[in-house]
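Asks: What follows is a predicted protein model with its sequence.
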Amino acid sequence: MSAIYTTDEYGRPFIIVREQDKKSRKTGIEATKAHIMAAKTVSNIVRTSLGPRGLDKILISPDGDITISNDGATIMSQMAIENQIGKLLVELSKSQDEEIGDGTTGIVVLAGALLEQAEELLDRGIHPIRISDGFERACKIAVAHLDKVSDVIPWSKDDTSDLFKCAKTSLGSKIVNKCHDQFAQMAVDAILAVADLERKDVDFELIKMEGKVGGEMADSALVKGVIIDKDFSHPQMPKDIKDAKIAILTCPFEPPKPKTKPKLEITTVKEFEELQKYERDTFENMIKQVKDCGANVVACQWGFDDEANSLLLQHKLPAIRWVGGPEIELLAIATNGRIVPRFEDLSAEKLGAAGTIREVTFGTTNETMIVVEDCANSKAVTVFVRGGNKMIVDEAKRSLHDAMCVVRNLIVDNRVVYGGAAAEISCSIAVDKEADQVSTIEQYAMRSFARALDAIPMTLAENSGLPPIETLSFVKSEQIKQGITSLGVDCMDTGINNMKEQFVFDPLISKRQQYLLATQLVKMILKIDDVIVHKSDDQ
Amino acid sequence: MATQIFNENATQERAENARLSNIIGAIAVGDLVKSTLGPKGMDKILQSSTARGDDGLVVTNDGATILKMIPLDNAAAKVLVNISKVQDDEVGDGTTSVCVLAAEILRQAEQLLDQRIHPQTIIDGFRLATGKAREALENAAVSHKDDEAQWREDLLSIARTTLSSKVLAADKHKFAEVCVDAVLRLKGSTNLDRIQIIKKAGGKVSDSYLSDGFILNKKIGVNQPRLIKGAKILVANTPMDTDKVKVFGAKIKVSDTAQLAELERAEREKMRAKVQKIAALGINVFVNRQLIYNWPEQLFADAGIMAIEHADFDGVERLALVTGGEIASSFDNPELIALGGCDSVEEIIIGEDRMVKFNGAAAGQACTIVLRGGTNQMLDEAERSIHDAIAVLSQTIAEPRIVYGGGCSEMLMSKAVDEAAKLVPGKKSIAMEAFARALRQMPTILADNAGLDSADLVARLRAAHYDGKSTSGLDLFNGDVIDVTGKVTESFKLKRQVLLSASEAAEMILRVDDIIRCAPRQRRG
């Protein structure tokens, strides 16, 4: 057993770190550099996904399932990173995803670039804390500058063209850019349908994503209503119901099952007969209660007994069973109905209303879905995504979610900055300028921060097949010469560098969040100077 | 240099390596199924690693079936398997074509990547090409739905095209008739469950037939009539063993045997009452999804009712469709139960097995195809072929446009793409030309599989198309270029789906530049 130990004044040893051979320890600069190396490795992986011409990654899960994605957060979370610093970066992109929903690749690339710059500074012998102080100051300047260069984009319920353009920017890097306009429009329409414009809030619970393989991406559509991946409980029920009144139930069409396990003992023939009668009556009562309140469709969270099913058919009550929890809630919201937990509570005003309910069949395998349309409350919508294979449908769903987040962010705060890394270049210029006026060592760190911001346009240019250094210096000099902050990298080779004319926008809050979170994480990593790792315990 | 950030068993392939591994994987899958394409394609024997004996052995020509059974480890290969499966679910046939086309597109893309063209540029070109190809396909598609005779002829021709690459090729005319008749009975529905396929080993393949009645693979209860004319049928799903008390937690507790006997009698009385209720409906045939115990069976026999037990779920649903009855589970309101009816119900014998046949059903949507054949493998493959044909036909009824096969539509699309490429500036046009080449590979493979001189034939076919004969295709039996109008017909939906799925999958695979394989999950035990 080896241990780090020291001796007290009487010469007795006492142990500081026990069983050192089972632990690995790194200290000081060595630890910081190891961290930087790890972070760079991770950011190098997602780097090539940045921008409209970025590429995708295949991720194979431990069970052999395949995910193909361009979304930073998805890639990071499915990579199964073991390294601690790597995990921090995963968390970073995840928090960007949860907070903003888009820009998850950019944030990781930025953090990686910042750490790369920090490494150079460390080599020059600058203390990590001074570096992080410098980064902090630079970040403040950059964020303040972002506010300055941001533009307010006007939009209203009738004029959504600018929202549409932002959604397009977000979708540009994804595989769905095949049906670019259509998906962007779907994202805008979906968000506007459910948005509460007074409170500037968007409830994502009201937007449901359903995917079904088959057809092509262009067949995807936004349904103003609810799609339930179920079929009618009895094959002979009508498949198309007009002016539906829906009873939404969370109680099973089955004999009552009391929660306290009673012991019902049958001792005589009479009791036996009475029980039979009771059973029959219960069923009939259930049906009667549903019928009496005026419902003509039943959606139930639970299953039906065979007899109940047959009775429902006989009473011309089409029914859907085993509707999932979130779906039944959505159905209730969409149809303005109330979820009823007991048959006795059913009444006419608790029923949901919908214009049409129909069962739709897909392909040759008899797969059906139930589409509820023209609902009383148009607030709930369903995005129905189609595509040639499973991976493409999954990726399209993720991309659409990102685009919807962008639109949501704009509804909350309608300021935008220009994409194509125009904002980064402009911030980099601003930080550089400020840095010259700082008299302490932080000056170096601030310049490095500016270099790190330059990494974004460089990566964009690289991914688009343009010469990175040449492109960056050209755009930068043009920005200074012309004094226009919306000049960026022309990824799509259109010949226009002004992102204002190309309509490439990013929400301001998304960019700001990226800078703040990335700087915060880098500061945290720079502060660590000692790592003790327990080697696997199972030996 | 790189710090280990993954678990030590994880692997990562990057950039060129990732692309190479993807493309090679996809091409390998394409090459695997390539030889089954077309009327002269060959079959594959698949031996399962787990099931032994007859169960594990499959002989097939169906792309989806082949790919489903091969355990693949390559990510791109899995994408191809997935599109083939989707093709199967969506259209039913063309599962081989979709894989082969995707693989050929990727093969062309590989050469472009070697020339250092950015994958996104290639994809842009491919998208333009797909759009053009689709346009050309749509322009070429024709519908004869209004002209009934011609419409039926089209359907027959589609069925023949589908069947000609399968084991049933020898009797394709007969089976095409069978399939078309079966599908037309569905009256536009795409619910293929309504067509039942019964396989019985023995006899010749050509002994197979479409039964105008409905056949249920079940036996009639003992001592019950074997033939009923003017049948009134109740289709039910109700327990006829012991009718349990369903109230939760109910338990029977007796203190002496006399009470037990009484209770038993009560139970029997209950069952008798149920049978009487059913009998009172005035039926003479009773089909139940669940078991019928001997006691009620005997009661039914006494009442002169034919009772059939344990008809599976599909059987019950089909029967309800055929006879027009409703599946009932409660019998207290006789006025609400819709009974089914048919002219006669009889027991028949196919091979050695007794079955029940329902003749002259009221609503004749469902039907039965009886397949005969020498071996089980043969029957299985025949069933798959029939299924493919029926699936394609039912989809064609929903989307009535047709296009011509025999490499005709591929050449048509290839020509359109080639012509469009000439007008596109920049590197995209190279990608479009590559796409056109990939499309031309399809007739090439068809000819190769038939043992013909593909280079010569395809060149002649191409010349014919540029000469304005836009309905020229390959005659693989005589090795000639002919006008395929009315000879080799395919569903427009099928061809479109093949084109779109293949290009979508190829695009997806091309976009990838990094493969990260997580450490496989450790399985215990």
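Replies: That came through fine. Every value quoted in this text rests on a predicted model; they were computed, and no experiment measured them.

Asks: Make sure I have this right: B:R318 is in a helix.
Replies: Yes: assessed by DSSP: H, G, I helix; E, B strand; the rest coil, B:R318 belongs to a helix.

Asks: That one touches B:Q196, doesn't it?
Replies: Yes: B:R318 lies in contact with B:Q196 (C-beta atoms under 8 Å); the separation is 6.0 Å. Any C-beta I mention is one placed from the backbone N, CA and C, and that applies to glycine too.

Asks: So if I had to pick from these two, which one is more boxed in?
Replies: Remark: of B:R318 and B:Q196, B:R318 carries more neighbours, 27 against 22, as counted by other C-beta atoms under 10 Å in any protein chain shown.

Asks: If you count contacts, what does the helix or strand containing A:K87 end up packed against?
Replies: Element membership for A:K87, per DSSP states H and E: helix A:84-99. When contacts are defined as 3 or more C-beta pairs under 8 Å, 6 or more residues apart in numbering or on different chains; DSSP states H and E, helix A:84-99 packs onto helix A:28-47, helix A:72-78, helix A:104-123, helix A:508-527.

Asks: I would like the residues contacting it, please.
Replies: With contacts defined as C-beta atoms under 8 Å, 6 or more residues apart in numbering or on different chains, helix A:84-99 is touched by A:35, A:38-39, A:41-43, A:46, A:72-73, A:76-77, A:79, A:81, A:103-105, A:107-108, A:111-112, A:513-514, A:517-518, A:521, A:524-525, A:531, A:533, B:5.

Asks: Just the buried ones from the residues you listed?
Replies: A:35, A:38-39, A:41-43, A:46, A:72-73, A:76-77, A:79, A:81, A:103-105, A:107-108, A:111-112, A:513-514, A:517-518, A:521, A:525, A:531, B:5 (16 or more other C-beta atoms under 10 Å in any protein chain shown).

Asks: which residues sit in contact with B:N7?
Replies: For B:N7, the contacting residues are A:A80, A:E82, B:C518, B:A519, by C-beta under 8 Å, 6+ apart.

Asks: Among those residues, which pair sits farthest apart?
Replies: Taking C-beta to C-beta, the two most distant members of these are A:E82 and B:C518; they sit 10.2 Å apart.

Asks: what's the helix or strand for the residue nearest to A:D71 when sequence neighbours are not counted?
Replies: The spatial neighbour of A:D71 that comes closest, neighbours along the chain excluded (C-beta to C-beta, 6 or more residues apart in numbering or on different chains), is A:R398 at 5.1 Å. Assessed by DSSP H and E, A:R398 sits inside helix A:390-412.

Asks: tell me the angle of that helix relative to helix A:508-527?
Replies: Put simply, helix A:390-412 runs at 110 degrees to helix A:508-527, going by axes from the mean of the first three to the mean of the last three C-alpha atoms, to 10 degrees.

Asks: quick one, what contacts B:I349?
Replies: Applying C-beta under 8 Å, 6+ apart, the residues near B:I349 are B:M355.

Asks: Could you verify that it is part of a strand?
Replies: Yes: judged by three-state DSSP, B:I349 forms part of a strand.

Asks: Pull the number of nearby residues for the closest residue to B:R272 other than its chain neighbours.
Replies: Distances taken as C-beta to C-beta, 6+ apart place B:L299 nearest to B:R272, at 6.4 Å, with adjacent residues excluded. Counted with other C-beta under 10 Å, the neighbours of B:L299 add up to 22.

Asks: before we move on, what about B:R134?
Replies: 18.

Asks: thinking it is in contact with B:R496, fair?
Replies: Yes: counting by C-beta under 8 Å, B:R496 is a contact partner of B:R134 at 6.6 Å.

Asks: Tell me which residues touch whichever residue of the stretch 351-500 of chain B sits closest to chain A, please.
Replies: Of all residues in the stretch 351-500 of chain B, B:A391 sits closest to chain A, at 4.0 Å by C-beta to the nearest C-beta. Taking C-beta under 8 Å, 6+ apart as the criterion, B:A391 is in contact with A:T364, B:V91, B:G92, B:D93, B:L192.

Asks: Give me the pLDDT for the second one.
Replies: To tie it back to what came earlier, the one meant is B:V91. At B:V91, the pLDDT value in this model is 80.
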